[in-house]
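Chemist: Below: sequence and its predicted model.
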Amino acid sequence: MSYRESIMEEFAGDLEYHPRRAAVYFVLSAAAFSFWYFTPPDNKFTTTPLVFALGSLTLFLKAIFLMRKSSEGLALTQHEIDALSSPANRKALPQLPEQSAQVVQDFGAGSLLLWGLLLEGKNFDASWANPPVLQVVLSGAVLFALGWLVRHLTKPKPLSGT
């Protein structure tokens with residue numbers, strides 16, 4: 001399998017219909033947003049609170065995507081989509097190390113991908129002349145890489161045939 005195919009397979013497997021994971025992502029998104037919201041106003045637009053604000057957005061968007069039955073696959077019939085919610089077809093949550101690594105990776109993706117929103121902050125608050133874009137992007141990159149590394153180190157090894 002080529003590198004490109006392995007990345008596509010990883011993303012496709014990560015974006016399937018899974019309401020339990022979606023609930024976890026909704027809770028974590030609310031917690032991350034709460035950290036930003038309850039930060040004192042004079043520190044609200046520093047690096048750490050901004051990383052939490054952007055991370056909460058990606059966790060929330062992923063939770064919405066995980067709730068969509070149509071995200072399981074393309075060209076499913078209505079009967080197949082309805083069968084996804086049956087109790088017999090419920091998927092278990094991934095192992096804790098794999099799940100937590102995926103959450104860290106998704107959380108870091110917020111700062112890594114949504115840093116452009118910081119540049120729009122000047123339009124709302126003229127006193128915010130120098131947003132910490134580089135620090136936010138680097139924080140997101142480190143979190144994303146850490147999540148990716150832990151996820152691949154904890155991935156179960158395929159059994160080799162004897």
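Modeler: Sure thing, it's come through.

Chemist: Every contact and neighbour count from this point should use C-alpha atoms.
Modeler: OK.

Chemist: Nearest the middle, which residue of this protein would you pick?
Modeler: Nearest to the mean C-alpha position of the chain, by Cα atoms, centre = their mean, lies Asp106 at 2.5 Å.

Chemist: Now do stretch 135-148, average pLDDT.
Modeler: Averaged across stretch 135-148, the pLDDT comes to 92.

Chemist: buried sites along it?
Modeler: Neighbour-count burial for stretch 135-148, counted by 16 or more other Cα atoms under 10 Å, picks out 135-137, 139-148.

Chemist: how far does stretch 102-114 sit from the chain's center?
Modeler: Computed by Cα atoms, centre = their mean, to the nearest Å, the chain-centroid distance of stretch 102-114 equals 5 Å.

Chemist: How about residues contacting it?
Modeler: 25, 51-52, 54-59, 136-148, 151 (Cα atoms under 8 Å, 6 or more residues apart in numbering).

Chemist: Now with 6 Å, please.
Modeler: Val51, Leu54, Gly55, Thr58, Val136, Val137, Gly140, Ala141, Leu143, Phe144, Gly147 (Cα atoms under 6 Å, 6 or more residues apart in numbering).

Chemist: Next, format these as TSV and append secondary structure and distance to Ala30.
Modeler: Shown next, in TSV, are those (DSSP: H, G, I helix; E, B strand; the rest coil; distance: Cα to Cα, whole Å):
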residue	secondary structure	distance to Ala30
Val51	helix	14
Leu54	helix	12
Gly55	helix	10
Thr58	helix	11
Val136	helix	20
Val137	helix	22
Gly140	helix	19
Ala141	helix	22
Leu143	helix	19
Phe144	helix	20
Gly147	helix	20
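
Chemist: tell me which of these is nearest to Pro94?
Modeler: Gly147 (14.6 Å; Cα to Cα).
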